[in-house]
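Asks: Give me a model of this one.
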Amino acid sequence: MTTLIRVDMAKGTVSTEELPKEYAQMGGRGLTSAIVSHEVPPLCHPLGPSNKLVVAPGLLSGTTCANSGRLSVGAKSPLTGGIKESNVGGNAALKLGRLGIAGIVVEKQPPEGKWYYLLVNKDGARLLPADDLKGLKNYDLATRLHEKHGEKVGIISIGPAGEMKLSAASVAVTSTQGKPARHAGRGGMGAVMGSKGLKAIVVDDKEAPGVSYADHEAFKEAARVFRDALKAHAVTKPGGGLAVYGTNVLTNVINEAGAYPTRNFTEGRFEGAPKISGETMHDIIKERGGSTTHAGCSTCIIQCSNVYVDKDRNYVTSGFEYETIWANGANCGIDDLDAIAQIDRLCDEYGLDTIEMGCAIAVAMHAGVKAFGDAAGAIELLHEVGKGTPLGRILGNGAAVTGQAFGVSHVPVVKRQGLPAYDPRAIKGIGVTYATSPMGADHTSGYAVATNIMRVGGFVDPLKPEGQVDLSRNLQIATAAIDATGLCVFVAFAIMDIPSGMEAIPKMLNARFGWNFTLDDFTEYGKQILRLERKFNESAGFTSVDDRLPEFFSTEPLPPHNAVFDVPPAELDKVFDF
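Replies: Numbers count the residues shown, from 1 in each chain. Presented below is the predicted three-dimensional model:
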């Protein structure tokens, strides 16, 4: 991948260039964070003309490497006010990789009220008018663009929430089945895309040149070793937990650990967990004739995705994930999978982050806007967001804004981003990641749950503060590097336990690009990305005060363990001492 596409929305022009030397070894999160760090003024308004939206496949995207289909979407976040990379699967990264495109940079803003979409194919890229697409929800939009450009194109798009520039707005990517069900949800990247007047990016890889290799035979061998590691590990292998029950296999595990945030992070276990667990979901899907497993991302062999259908066997949603089910389930006191599936579909239609919306609705429930457990009420609130009513705009700007609007002090956010589905009082390693990641509260930035709960890569007691800072630091470094390759974060389960799997990654990069990366170089690569992100945030005004959890996590004991988050602040300040 050598081509960088730049789209000037003010002039309506598109240009291509060879990837500049300073970005030559960057891909995925590495490239999005490098461009944002170097080219976006840290103090600019996230929805103003100086911000840039960067879309980048990973370094291994487009190759035959297993699980290399992740896409990075980056910008200055309207939610956190800092740098952001939001990671998503689907079919677009593979297609961009096959077209030889390292990234797309969307700059400036069009005349007020003008909308466009970008068509990318073997002949290059061009902007096309999209005024007739304005207001369309993501599923209708995908149907319209598939009819025009073919069923096999990849589509990156925003729904009405992105058009309204709401801070919880996501960027949708079509799945391997062509549904706009995969979302770069975190950080409001959909709002940035909306501020650029860009409704969609259509990626057509028909007759694409494909990927070239410095040493194809060496690449195939390294890719085989990597694939074998995924197939051998208990979590990622065919027939393993992720393949059979999807990511929602974690519900019973985390609930049993007493770390399943319930009713706006006031309890650690949810009495309704068995009704919304991965095992129950599997049985419902199977009974109704849906699909319990499929590849949600191109080249995936873990197969953790699914297709959820209603009682009449009509498609509702796909990629029905643990985080989504928790956020709009236990966190809101809801134990009805059909209702949660409807919420998921609405979030996908409107283009909203399911985690942020679940956190916002739970905060609203805490304030008494609706009662905990009121599934119909939660659905009603999502429709308010879709319609852009004053209440909807409050909710659609996330949990922090919702808490301010309703005078709630119990608001689970870091850097104004809602916490995901693990309570940091009962899994303290993930609490360190939430507090210190440049991305705001983000479990995927350093998934300490793997070691704290699942004993992958060793074991660090989740209820004790000792060892959590080192654990989070090492995982954040490794994750930044993995995000740059376009590999799925779930490969970490295998490569943390099987050394040959980890060793295969730099070997694949070397065979692909003719580099001489070692494992130490790969680690340094992750550190380099984190340094860029930290520097941007510091220039945007972030201090150590922003690397903290909300006060209530250290003062309110969480049942059933009655634990508090007690990793000392001075220790949190050492996470990036490298």
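Asks: Now for Leu59: which residues touch it?
Replies: The contact partners of Leu59, by Cβ atoms under 8 Å, 6 or more residues apart in numbering, come to 1, 27-28, 30, 484-486, 509, 512-513. Any C-beta I mention is one placed from the backbone N, CA and C, and that applies to glycine too.
Asks: What backbone torsions are found at it?
Replies: Note on Leu59: backbone dihedrals following degrees, to the nearest 10 are phi -60, psi -30.
Asks: Okay, it and Leu487: tell me how far apart.
Replies: Per Cβ to Cβ, to the nearest Å, Leu59 is found 9 Å from Leu487.
Asks: Next: Asp566.
Replies: For Asp566, the distance to Leu487 (Cβ to Cβ) stands at 34 Å.
Asks: what do you get for Gly113?
Replies: Separation of Gly113 from Leu487 (Cβ to Cβ): 40 Å.
Asks: So if I had to pick from the two, which one is more boxed in?
Replies: Leu487 (27 against 8; other Cβ atoms under 10 Å).
Asks: Residue ranges in the protein under the pLDDT threshold?
Replies: Low-confidence segments of the chain (pLDDT under 70): 1.
Asks: so who does the residue nearest the centre of it touch?
Replies: The residue lying closest to the centre of the chain (Cα atoms, centre = their mean) is Asn87, at 3.9 Å. Asn87 sits next to 29, 70-73, 184, 444, 483, 489 when contact means Cβ under 8 Å, 6+ apart.
Asks: in the longest helix anywhere in the chain, what's buried?
Replies: In the chain, assigned by DSSP state H, the helix with the most residues is helix 519-539. Within helix 519-539, the residues that qualify as buried are 522-523, 525-534, 536-537, counting by 16 or more other Cβ atoms under 10 Å.
Asks: Equivalent analysis for stretch 396-410, please.
Replies: By neighbour count on 16+ other Cβ under 10 Å, the buried set for stretch 396-410 is 396-403, 405, 408, 410.
Asks: Can you name the element that comes right after whatever helix or strand His146 lives in?
Replies: Using DSSP states H and E, His146 falls within helix 138-149. Using DSSP H and E, the next helix or strand after helix 138-149 towards the C-terminus is strand 154-157.
Asks: Compute the distance from the centre of the helix or strand that that next one is followed by to the centre of its chain.
Replies: Beyond strand 154-157 on the C-terminal side, the first helix or strand identified by DSSP H and E is helix 160-163. Taking Cα atoms, centre = their mean, to the nearest Å, the mean C-alpha location of helix 160-163 is offset from the chain mean by 18 Å.
Asks: Contacts for helix 160-163 next, please.
Replies: For helix 160-163, the external contacting residues (Cβ under 8 Å, 6+ apart) are 134-135, 137, 168-171, 190-191, 193-194, 199, 350-352, 385-386, 388, 396.
Asks: Got the domain ranges for the chain?
Replies: As assigned by automatic domain parsing, the chain contains the domains 3-203, 242-422.
Asks: Relative to Gln476, which of those is closest?
Replies: With Cβ to Cβ as the measure, domain 3-203 is the member of the domains of the chain nearest Gln476 (11.7 Å).
Asks: Would you mind measuring the gap between the ends of that closest one?
Replies: In domain 3-203, first residue to last residue: 14 Å (Cα to Cα, to the nearest Å).
Asks: Show me how far it is from its chain's centre.
Replies: For domain 3-203, the gap between its own C-alpha mean and the chain's C-alpha mean amounts to 14 Å (Cα atoms, centre = their mean).
Asks: So which of the contacts of Leu59 belong to helices?
Replies: Counting by DSSP H, these place 28, 30, 484-485, 509, 512-513 in helices.
Asks: Just among those residues, which is most surrounded?
Replies: Most neighbours among these, by other Cβ under 10 Å: Gly28, with 32 neighbours.
Asks: That one: what's it in contact with?
Replies: 56-59, 61, 70-72, 483-486.
Asks: Reformat the residues you listed into TSV and put distance to Gln109 next to each item.
Replies: What follows is the contacts of Gly28, written out as TSV (distance: Cβ to Cβ, whole Å):
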residue	distance to Gln109
Ala56	21
Pro57	25
Gly58	28
Leu59	30
Ser61	28
Arg70	28
Leu71	23
Ser72	22
Asp483	28
Ala484	29
Thr485	32
Gly486	29
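Asks: Now for Gln342, how many residues are close by?
Replies: By the criterion of other Cβ under 10 Å, Gln342 has 21 neighbours.
Asks: That one falls within a strand, correct?
Replies: No. Gln342 is assigned helix when assessed by DSSP: H, G, I helix; E, B strand; the rest coil, not a strand.
Asks: can I assume it is in contact with Ile379?
Replies: Yes. Gln342 lies in contact with Ile379 (Cβ atoms under 8 Å); the separation is 6.1 Å.
Asks: How much space separates Lys114 from Leu133?
Replies: In this view, Lys114 and Leu133 are 12 Å apart by Cβ to Cβ.
Asks: go on, Thr354?
Replies: For Thr354, the distance to Leu133 - Cβ to Cβ - is 23 Å.
Asks: Show me where the stretch 151-300 of the chain has its helices.
Replies: Assigned by DSSP state H, counting those that start in this stretch, the stretch 151-300 of the chain shows helices spanning 160-163, 189-195, 216-232, 241-245, 250-256, 273-276, 278-288.
Asks: looking at the ones you listed, which is closest to Ile35?
Replies: Smallest distance to Ile35 across these (Cβ to Cβ): 13.2 Å, for helix 189-195.
Asks: what sits up against the closest one?
Replies: Here helix 189-195 makes contact (Cβ under 8 Å, 6+ apart) with 46-48, 51, 53, 73-78, 84, 86, 106, 109, 158-159, 161-167, 169-171, 184, 351-352.
Asks: So which of these are in strands?
Replies: Residues of the contacts of helix 189-195 located in strands (DSSP state E): 53, 73-76, 84, 86, 106, 171, 184.
Asks: now, which of the residues you listed sits nearest Arg455?
Replies: For those, the nearest to Arg455 is Ser86 (29.1 Å; Cβ to Cβ).
Asks: For the nearest residue to that closest one once chain neighbours are set aside, the count of nearby residues, please.
Replies: Excluding the flanking residues, the one nearest Ser86 by Cβ to Cβ, 6 or more residues apart in numbering is Ala184, at 3.7 Å. Residues within reach of Ala184, counting by other Cβ under 10 Å, total 27.
Asks: Would you format the domains of the chain as JSON lines with distance to Ser437 included?
Replies: JSON lines is the format used below for these (distance: least, Cβ to Cβ, whole Å):
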{"stretch": "domain 3-203", "distance to Ser437": "10"}
{"stretch": "domain 242-422", "distance to Ser437": "8"}
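Asks: now for those domains, which one comes closest to Leu475?
Replies: Closest approach to Leu475 among the domains of the chain (Cβ to Cβ): domain 242-422, 13.5 Å.
Asks: export the longest helix of the chain as PDB, just CAs?
Replies: Provided in PDB are the C-alpha atoms of helix 519-539 (Å, rounded to 0.1, in the frame of the first residue of the first chain):
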ATOM      1  CA  LEU A 519       9.900  -8.300  18.000                       C
ATOM      2  CA  ASP A 520      11.700  -5.600  19.800                       C
ATOM      3  CA  ASP A 521      11.100  -3.300  16.800                       C
ATOM      4  CA  PHE A 522       7.400  -4.200  16.900                       C
ATOM      5  CA  THR A 523       7.200  -3.300  20.600                       C
ATOM      6  CA  GLU A 524       9.000   0.000  19.900                       C
ATOM      7  CA  TYR A 525       6.500   0.600  17.100                       C
ATOM      8  CA  GLY A 526       3.600   0.400  19.600                       C
ATOM      9  CA  LYS A 527       5.400   2.800  21.900                       C
ATOM     10  CA  GLN A 528       5.900   5.300  19.000                       C
ATOM     11  CA  ILE A 529       2.200   5.300  18.300                       C
ATOM     12  CA  LEU A 530       1.300   5.900  21.900                       C
ATOM     13  CA  ARG A 531       3.900   8.800  22.100                       C
ATOM     14  CA  LEU A 532       2.300  10.500  19.200                       C
ATOM     15  CA  GLU A 533      -1.200  10.200  20.800                       C
ATOM     16  CA  ARG A 534       0.000  11.300  24.200                       C
ATOM     17  CA  LYS A 535       1.800  14.300  22.700                       C
ATOM     18  CA  PHE A 536      -1.400  15.400  20.800                       C
ATOM     19  CA  ASN A 537      -3.500  15.100  23.900                       C
ATOM     20  CA  GLU A 538      -1.000  17.100  26.000                       C
ATOM     21  CA  SER A 539      -1.000  19.800  23.400                       C
END
